[in-house]
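[1] Compute the structure for the input listed below.
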Amino acid sequence: MAAADSPSAALQRRDLCSRGIRLAGKMRADVVDLLDTYVERQGLDASASVAAVEGVPSAAVERWDEQTGTQRLLENLAAYRAFRALLAQMLEEQREQLGDADAALGRALAAVLLQVSAFAYHLEELLRLESRGIPGEEGAGPPPPPRLSLFEQKLRGLGVLRELAQWAVRSARDLRQLAKPSPAAGSAPGLAESP
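    Next up is the predicted model:
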């Protein structure tokens, strides 16, 4: 019996999924709070329309219900690795722009960056449990952005935070799907590869 099929592995998977769902919920709440602070401190309109940002993965997916568990985990991992790089870049830009003048915004960005890093690690643990190889991070980050004006940086940051909030919702949904009991005893729920 494969490790991913054993009862203890199933319990561990459900436990990891449950903890991941809680982490995603906390992260979403913190991102929403950060969005409010970010909009206020950056002098932006909360209803501002932001075009898709290069390097920001979209949480929207066609035929979500047809994805395997492994596909869900891998897409989540790729997204959070990209967000980790984007948030680190935002934090650096914020420090360059404001220095210590807005330490609260910097602390909030750093806290969300830490949560994103922890969530990416959590996803890696789920992939390890399923005996799946964890993809390397080479080229996983977004491409280096072109030199943007201050206003364009602010809008990009708004787009990053909005999409991260959407990913937190999708991640919780993906993990709930993975945590569902398997209809066939002994098979990994939602993690079988498509034929």
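
[2] and the top helix by length along the chain, what does it pack onto?
    Ranked by residue count and defined by DSSP state H, the top helix of the chain is helix 7-42. If you count contacts as 3 or more C-beta pairs under 8 Å, 6 or more residues apart in numbering; DSSP states H and E, helix 7-42 packs onto helix 103-129, helix 150-179. In this view, the C-beta of every residue, glycine as well, is placed from N, C-alpha and C.

[3] Downstream of that helix, the next helix or strand is which one?
    Next in sequence after helix 7-42, counting helices and strands by DSSP states H and E, comes helix 69-98.

[4] Now do that following helix: which elements does it pack against?
    Helices and strands in packing contact with helix 69-98 are listed as helix 103-129, helix 150-179; criterion 3+ C-beta pairs under 8 Å, 6+ apart.

[5] Average pLDDT for the last one, rounded please.
    In other words, helix 150-179. Averaging the model's pLDDT scores along helix 150-179 yields 93.

[6] And it, what's buried?
    When neighbours are counted by 16 or more other C-beta atoms under 10 Å, the buried residues of helix 150-179 are found to be 153-168, 170-172, 174-175, 177-179.

[7] Can you get me the start-to-end distance on stretch 46-66?
    Taking C-alpha to C-alpha, to the nearest Å as the measure, stretch 46-66 stretches 34 Å from start to finish.

[8] So what touches it?
    Contacts to stretch 46-66, defined as C-beta atoms under 8 Å, 6 or more residues apart in numbering, come from residues 35-36, 39, 67, 75, 78-79, 82-83, 85-86, 141-143, 145, 155-156, 158-160, 162-163, 166-167, 169-170, 173.

[9] Buried residues in that stretch, which are they?
    Neighbour-count burial for stretch 46-66, counted by 16+ other C-beta under 10 Å, picks out 50, 53, 55, 56, 57, 59.

[10] measure the third one to residue 85 for me?
    To residue 85, residue 55 is 8 Å away according to C-beta to C-beta, to the nearest Å.

[11] so which of the helices and strands packed on helix 7-42 gets nearest residue 71?
    Across the helices and strands packed on helix 7-42, the minimum distance to residue 71, taken as C-beta to C-beta, is reached by helix 150-179, at 9.5 Å.

[12] For that closest one, name the packing helices and strands.
    Identification of packing neighbours for helix 150-179 by 3+ C-beta pairs under 8 Å, 6+ apart yields helix 7-42, helix 69-98, helix 103-129.

[13] Nearest spatial neighbour of the residue nearest the centre of the chain, chain-adjacent residues omitted?
    Closest to where the C-alpha atoms of the chain average out (C-alpha atoms, centre = their mean) is residue 80, at 3.6 Å. Nearest residue to residue 80 in three dimensions, chain neighbours excluded: residue 120, at 4.1 Å (C-beta to C-beta, 6 or more residues apart in numbering).
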